[in-house]
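Peer 1: Structure of the sequence below:
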Amino acid sequence: MNYSILFKDTKRKEYKVGKFIPAWKDSNAQSITFIITEDCNLRCKYCYITHKSSNKKMSLETAKKFINYIFAGNISTNEAVIIEFIGGEPFIEIELIDQISDYFKIVAFEKDHDWYWNYRINICTNGVNYSDEHIQNFINKNMGKLSVSITLDGTKEKHDMHRVFPNGSGSYELIKKNIPLWISQFGGSTKVTFASSDLKFIKESIISLWNNGITNIASNVVFENVWQEGDDLLFEKQLVELADYVLHNKLYDKYYCTFFDENIGGYYNSDDLNKTYCGAGKMIALGSNGNIYPCLRYKDYSLNNKKEWVIGTVDDGIDMEKVRPFITAMIKLQSDEECINCEVASGCGFCQGFNYDEANTPTNFSRAKYICKMHKARVRANDYYFSKLFNLYGIERDALKRDHKSLYFLLSDDYITYCQHKNTSVTANTMNYHDIIIGLKYARSNFFSPIFVHSSNEFNFANIKEYEQYRILHIVPAKFHKEASQLRDCLYVFEEDDLNLSIRGISKCMLNIDSKEIENLSYYVLKLLNIVKRINVNVLNLDENFNEAEYRKQLITIKNRLVEFFMTTGLKQEINLITDLCYINERNNCKAGERSFSYAPDGRLYVCSAYYSSREDSHIANIGEEINRFKNEHLYKTSYNALCSLCDAYQCINCIYLNESATNEVNVSPSYQCRKSYIEREISRQYQVETNWNIEDIISSIKYKDPMSIYIDNVGALTGYYKY
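Peer 2: Numbers count the residues shown, from 1 in each chain. Predicted structure coming up:
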């Protein structure tokens, strides 16, 4: 067979607005900071260094001791290093910076250390003295190994609100004079910070910086407790207007602005929880007095409530006992349950030093949450930007491949079946435009991804302009693929009568098959594999009469085709029943009642579509109401399912409607659903072995077919009179 039609090479459209600003060595370099002075020629109102001093600066002797200590092998070293000079304002001590830099290079050369070749000097300056002759001499001397950024806050009005001289006058005009020279040397990258009073300037400030040749903008709002009622809505409004400016003028691939970030807006995953957000403790900072800190934010000059956290001195070295808290710091230990379980936790930033200063006790295992509502506003604005980027230009958001909440819009009572529960409704209630808009606004406000489930009998959907600002997945019967071609993102659902349809240009689809027709599964799947890369199979009407032996036989046939395809092409096709378990290490079911809900034509919210279609008065809320307070909502979580908690068949659908129908409990699975999933697990393992996966990645071999047996063995459950 010619497989080329499945894997055509297409030129992907890219974007910069929403990407991280590229970092030297991909941010893997060691960071060593010299706080060379505590003085500054400005008095910026939002500066975290709240206790400036004009008479505290580092001596060259102190810096030399520190460099000697490092090169003596007393700290672990990465292949590359960033030497950062900071203040106060570092350039008021340019002679000292020059001397320290030279000494570092000499010692690295004498030690034949990797750092002699792999170092970068970083300096962030306010730009007041940038054109000074001594500073320019240093820049020219170190060009190619030096990175300098200037902090310009945008428009003159915005900049001069905060970045002022000691006499209160603004610094914008003086700094702007130095911008052309700086851009000619370093290309133009700056950091912009916003607080409550200047949120209204976000859009015009970012545009002003871009127009002045500063193309890379690291932008953020302060972590401090400064936010007023309504600031989050103003923040969101400014970002939405900036997004429209970017999209209307097609600037998305021209500039960087970190207010837009492809990574934010999902649940934490296990990797996130085992890391911490910032690098305190992974970096190292030397104070002007010779004290060593886990980061400059633990020095007394930026603390208001706590004493400084010193981990050593240049004379005595580092006390590793003081470092241990930073080695063990991770999000799951620094956050409360609200943060850990937040639906948009990813990308929510914090500063460990600020957390320490704000904590109720002197601890590093705490987290200030003043930024919460601002982060959520940013997530909503990012959803707006990336949705319109996709709908207007077909450019897909890259990085947000993490768990999120879903809201299924059942556009009519006869919606196409899209899960294990077969919809048999033939009534004609439909969702009108007004209710759809209400639902979309609700979805954005509550961080749901909207999914439109279309009628199985007709297609009369109008894709109006208002929908452009929402990223909508459409689940559509395959027979309506021509009518749905106007839609950007469709998941087509195939049933037996659709297998001969001529459809090209789709990468994934869904297949519905009744459990009583399971002997046709491999025929259906192999036919669809000629036109798609991935198939999600729904086995409908599962019950105790399910033919498990035939199911295993059918999956083996499909597995053999997947293996053959891989051996022939080197490429992998995906079938959820077989391949999903090869790539996931946590529960991947529909999460109905936990992170997935349905919005029905009656304007009400349901745990899932099955309850709407089959149970009268089973709604849990009206649209617009909170849905995390319905009766016994905790039972829908995997942690409350005794069998699932012990099971690693993570691809299992674990249909809660089937659970309740068979066992009377949403959190107890029937044996035949479990055995079906274990057959899939067995075939997934065979697929891995036959496609030569690394041995450590192959699913373990087990003997039992139902987690109830392992539950009884491990937990010691008593069956009483019941013979299991």
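Peer 1: Out of the helices and strands in this structure, which is least certain?
Peer 2: The weakest-scoring helix or strand in the chain, judged by mean pLDDT, DSSP states H and E, is helix 707-715 (a mean of 78).
Peer 1: in that helix, what counts as buried?
Peer 2: By 16 or more other Cβ atoms under 10 Å, the buried positions in helix 707-715 come out as 707-708, 711. The way it works is simple: take the backbone N, C-alpha and C, and place the C-beta from them, glycine included.
Peer 1: what about the stretch 51-200 of the chain, any weak spots by pLDDT?
Peer 2: Of all residues in the stretch 51-200 of the chain, none has pLDDT under 70.
Peer 1: ok, back up a step: packing partners of the least confident helix or strand of the chain?
Peer 2: Packed against helix 707-715, as judged by 3 or more Cβ pairs under 8 Å, 6 or more residues apart in numbering; DSSP states H and E, are the following elements: helix 642-646, helix 671-690.
Peer 1: and residue 81, which of these is closest to it?
Peer 2: Closest approach to residue 81 among these is made by helix 671-690 (40.5 Å; Cβ to Cβ).
Peer 1: pretty sure residue 32 belongs to a strand, no?
Peer 2: Yes: the assignment for residue 32, made by DSSP: H, G, I helix; E, B strand; the rest coil, places it in a strand.
Peer 1: Residue 272 versus the spatially most central residue of the chain, what's the distance?
Peer 2: Closest to where the C-alpha atoms of the chain average out (Cα atoms, centre = their mean) is residue 263, at 3.5 Å. To residue 272, residue 263 is 10 Å away according to Cβ to Cβ, to the nearest Å.
Peer 1: what's the overlap in contacts for those two?
Peer 2: residue 346 (Cβ atoms under 8 Å, 6 or more residues apart in numbering).
Peer 1: With residue 176 as the reference, measure out to the residue nearest to residue 177 when sequence neighbours are not counted.
Peer 2: With sequence-adjacent residues excluded and distances taken as Cβ to Cβ, 6 or more residues apart in numbering, residue 177 is closest to residue 131, at 7.5 Å. For residue 131, the distance to residue 176 equals 12 Å [Cβ to Cβ].
Peer 1: Check residue 537 too.
Peer 2: From residue 537 to residue 176 the distance is 61 Å (Cβ to Cβ).
Peer 1: Please apply the same query to residue 165.
Peer 2: 15 Å.
Peer 1: Equivalent analysis for residue 120, please.
Peer 2: In this view, residue 120 and residue 176 are 27 Å apart by Cβ to Cβ.
Peer 1: on that earlier part again, quick one, which of residue 537 and residue 176 is more surrounded?
Peer 2: It is residue 537, of residue 537 and residue 176, that has more neighbours when counted by other Cβ atoms under 10 Å, with 21 against 15.
Peer 1: those helices in the stretch 501-650 of the chain, which residues are they?
Peer 2: Per DSSP state H, counting those that start in this stretch, the stretch 501-650 of the chain carries helices over the ranges 521-528, 548-569, 609-614, 642-646.
Peer 1: Check which residues of the longest one are buried.
Peer 2: I take that to be helix 548-569. For helix 548-569, by 16+ other Cβ under 10 Å, it's 551, 554-556, 558-559, 562-563, 565-566.
Peer 1: Quick one: residues contacting the closest residue to residue 392 other than its chain neighbours.
Peer 2: The shortest distance from residue 392 to any non-neighbouring residue, by Cβ to Cβ, 6+ apart, is to residue 247 (6.1 Å). Going by Cβ under 8 Å, 6+ apart, residue 247 touches 385, 388-389, 392-393.
Peer 1: again, but for residue 214
Peer 2: Counting by Cβ under 8 Å, 6+ apart, residue 214 has contacts 152, 179, 183, 188-190.
Peer 1: now, which of those residues lie within strands?
Peer 2: In this view, those that belong to strands under DSSP state E are 189-190.
Peer 1: which one of the contacts of residue 214 is nearest residue 419?
Peer 2: Using Cβ to Cβ, the shortest approach to residue 419 within these belongs to residue 189, at 47.7 Å.
Peer 1: Could you pull up phi and psi at residue 219?
Peer 2: phi -120, psi 140 (degrees, to the nearest 10).
Peer 1: partners of it in the sheet?
Peer 2: Taking DSSP bridges as the rule, residue 219 bridges to residue 192.
Peer 1: Distance check, it against residue 291.
Peer 2: 32 Å.
Peer 1: wait, doesn't residue 429 sit right on residue 601?
Peer 2: Yes: using Cβ atoms under 8 Å, residue 429 is in contact with residue 601, at 4.3 Å.
Peer 1: which residues are common contacts for the two?
Peer 2: 412-413.
Peer 1: so how far is residue 211 from the nearest residue to residue 156 once chain neighbours are set aside?
Peer 2: Leaving out its chain neighbours, the residue that sits closest to residue 156 by Cβ to Cβ, 6+ apart is residue 172, at 4.4 Å. According to Cβ to Cβ, residue 172 stands 15 Å off from residue 211.
Peer 1: And the two? Which one has more around it.
Peer 2: A count of neighbours by other Cβ under 10 Å puts residue 172 above the other of residue 172 and residue 211, at 20 against 8.
Peer 1: Verify the stated contact: that one with residue 154.
Peer 2: No: at 9.3 Å, residue 172 and residue 154 do not qualify as touching, with contact defined as Cβ under 8 Å.
Peer 1: Which residue ranges of the stretch 451-600 of the chain form strands?
Peer 2: 473-477, 490-494, 508-514, 534-540, 574-575, 596-599 (DSSP state E, counting those that start in this stretch).
Peer 1: returning to that earlier point: take the contacts of residue 214 and write them to TSV, including neighbour count and distance to residue 233.
Peer 2: Shown next, in TSV, are those (neighbours: other Cβ atoms under 10 Å; distance: Cβ to Cβ, whole Å):
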residue	neighbour count	distance to residue 233
152	28	27
179	19	33
183	16	35
188	21	31
189	19	30
190	22	27
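Peer 1: out of the contacts of residue 214, what pair is the most spread apart?
Peer 2: Among the contacts of residue 214, 179 and 189 lie farthest apart (Cβ to Cβ), at 11.8 Å.
Peer 1: Look up phi and psi at residue 430.
Peer 2: Dihedral angles for residue 430 - degrees, to the nearest 10 - are phi -130, psi 160.
Peer 1: And residue 216, by the same measure?
Peer 2: Torsion angles, degrees, to the nearest 10, at residue 216: phi -110, psi 110.
Peer 1: From residue 455, how far off is it?
Peer 2: For residue 216, the distance to residue 455 equals 48 Å [Cβ to Cβ].
Peer 1: Helix or strand: which one has the residue nearest to residue 372 when sequence neighbours are not counted?
Peer 2: Nearest non-adjacent residue to residue 372, counting by Cβ to Cβ, 6+ apart: residue 348, 7.7 Å away. In the assignment (DSSP states H and E), residue 348 maps to no helix and no strand.
Peer 1: next one: residue 383
Peer 2: Going by DSSP H and E, residue 383 is in helix 372-393.
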